[in-house]
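J.: generate a structure from the sequence data that follows.
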Amino acid sequence: MVKIGNIILPDFPLLLAPMEDVSDPPFRRLCKLHGADLMYSEFISSEGLIRDAIKSRQKLDIFDYERPVGIQIFGGDEDAMAMSAKIVETVNPDLIDINFGCPVKKVVCKGAGAGVLKDVDLMIRLTKAVIRSTSLPVTVKTRLGWDENSINIDEVAERLQDIGVQALTVHARTRAQMYKGHSDWSHVERIKKNPRITMPIFGNGDIDSSEKALEYKNKYGLDGMMIGRAAIGYPWIFNEIKHFFETGTHLPKPTIEQRVEAAKNHLQWAMDWKGEKLGILETRRHYTNYFKGLPNFKEHRMKMVSSEDPEYIFEVFAEVLHQYEGFELV
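T.: Next up is the predicted model:
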């Protein structure tokens, strides 16, 4: 089994990645139902928390059925990171994760996220500030380095472990790659094989099928893997991968009934949490993936994304169920 502080995870756990505007409580609830072992909040600005920014504070919402669950924070100022860690601790997550991997320009320009990969000393100071401010386990998610000429993940891993970080997730791309090109897990494998490294090491990047998950599990020998974009609109991927690990066979693909049920639950839970209007608006981005592969689906999708009437949207779900009843997706 894998341990992070007092958190005990199963052998080779599957983690849900923290994704901005995606990994909120309704989405996490679906992923938990379908096999995610550890999940994280959307990343939260330390400065936003201190300013009492409404959106940042709302991202602190966690629920017991999600556990274990971590809150992820980012920032480039030691005092702000320390104070935000204390704020996070008040909602009693299972761990605090620090984002040193986000490649988005508006984050990097503030000297946060992947921007810190240019200054490992600053990364260590920021991490120390968080560790000193909380009794919770502190973990880190980062990238290989700023670009292919400055891959420094080996130094980063050792120094983070030395100051008390209890697990490390590596998105196996550089900041310069953003989300393009291929991830290179061989760098993460090298960290895991370093005899100095004893903390759990998780890999992230390009896991989009059960076959690839098993290939990477066997090839790189890590402690677990994190799944991000492949879970959007397809929370079934976690149990599918686990089943394939155990049996070498595939679970049946989710039926149209299961897809409609997931989309309905997502919408209802989003409205319950965010309010009707915002819940409707922010669930729209998921429909394409829930119903990916259905022929001539565009008309139904347009109805779903153009209405702000929940009763009407649920009627469209019923239409989809009726029209595609018995249709087998591959």
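J.: quick check: closest non-adjacent residue to Ile98.
T.: In this structure, Ile98 finds its nearest non-sequential neighbour in Val140, 5.0 Å apart by C-beta to C-beta, 6 or more residues apart in numbering. In this view, the C-beta of every residue, glycine as well, is placed from N, C-alpha and C.
J.: roughly how far is the strand or helix carrying the one you found from the heart of the chain?
T.: Assigning secondary structure by DSSP states H and E places Val140 in strand 138-143. Centroid separation for strand 138-143 versus its chain: 12 Å, with C-alpha atoms, centre = their mean, to the nearest Å.
J.: averaged pLDDT, it. What do you get?
T.: When pLDDT is averaged over strand 138-143, the result is 95.
J.: got the contact list for it?
T.: For strand 138-143, the surrounding residues in contact (C-beta atoms under 8 Å, 6 or more residues apart in numbering) are 4, 18, 40, 70, 72, 95-101, 103, 114, 117, 127, 130-131, 153, 156, 160, 164-175, 204, 226.
J.: report how many residues lie close to Gly293.
T.: 12 (other C-beta atoms under 10 Å).
J.: excluding chain neighbours, give the residue nearest to it in space.
T.: Leu329 (4.5 Å).
J.: bridge partners for the residue nearest to Ile98, pull those for me.
T.: Judged by DSSP bridges, the bridge partners of Val140 are Ile98, Leu168.
J.: give me the neighbour count for it.
T.: 26.
J.: equivalent analysis for Lys192, please.
T.: 19.
J.: relative to strand 138-143, how tilted is whichever strand or helix holds it?
T.: Under the criterion of DSSP H and E, Lys192 resides in helix 186-193. Here helix 186-193 runs at an angle of 150 degrees relative to strand 138-143 (axes from the mean of the first three to the mean of the last three C-alpha atoms, to 10 degrees).
J.: and helix 186-193, how far out from the chain middle?
T.: On C-alpha atoms, centre = their mean, the centre of helix 186-193 falls 21 Å from that of its chain.
J.: any chance you could list what contacts it?
T.: 144, 151, 153-154, 157, 168, 170, 172, 197, 201, 203, 219-223.
J.: right, and out of these, which lies closest to Met81?
T.: Nearest to Met81 among the contacts of helix 186-193 is Leu168, at 17.5 Å by C-beta to C-beta.
J.: I figured the closest one hits Thr198, correct?
T.: No: the pair Leu168 / Thr198 is not scored as a contact, 11.1 Å apart, by C-beta atoms under 8 Å.
J.: can you pull out the strands in the chain?
T.: Along the chain, the segments classed as strands by DSSP state E run 2-4, 7-9, 14-16, 38-45, 69-74, 95-100, 138-143, 168-171, 201-204, 224-227.
J.: would you format the ones you listed as TSV with distance to Glu240 included?
T.: Output for the strands of the chain, formatted as TSV (distance: least, C-beta to C-beta, whole Å):
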stretch	distance to Glu240
strand 2-4	21
strand 7-9	19
strand 14-16	10
strand 38-45	17
strand 69-74	22
strand 95-100	25
strand 138-143	24
strand 168-171	21
strand 201-204	18
strand 224-227	11
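J.: what about the helices in the stretch 201-330 of the chain?
T.: Secondary structure of the stretch 201-330 of the chain (DSSP state H, counting those that start in this stretch): helices at 210-220, 237-247, 256-274, 276-283, 287-290, 298-306, 310-323.
J.: repeat for the stretch 1-150 of the chain
T.: 25-33, 46-50, 54-58, 78-89, 105-108, 120-132.
J.: ok, which of those helices comes nearest Thr255?
T.: helix 25-33 (15.7 Å).
J.: what are the contacting residues of that closest one?
T.: Residues outside helix 25-33 that contact it (C-beta under 8 Å, 6+ apart): 16, 36, 39, 61-63, 65-66, 69, 231, 235, 238, 262, 265-266, 269-270, 272-273, 279, 283, 286.
J.: where are the low-confidence patches of the chain?
T.: Low-confidence regions of the chain, defined by pLDDT under 70, span residues 53-54, 103, 108-109, 111, 114, 330.
J.: the nearest residue to Arg173 once chain neighbours are set aside: how many residues sit nearby?
T.: Sequence neighbours aside, Ser183 is the residue nearest to Arg173 in space, at 5.1 Å (criterion: C-beta to C-beta, 6+ apart). Neighbours of Ser183 under the rule other C-beta under 10 Å: 22.
J.: how much space separates Ser183 from Val130?
T.: Look at Ser183 and Val130: by C-beta to C-beta, to the nearest Å, they are 26 Å apart.
J.: Asp52 too?
T.: Taking C-beta to C-beta, one finds Asp52 at 19 Å from Val130.
J.: so for those two, which residue has more residues nearby?
T.: For Asp52 versus Val130, neighbours defined as other C-beta under 10 Å are more numerous around Val130 (26 against 9).
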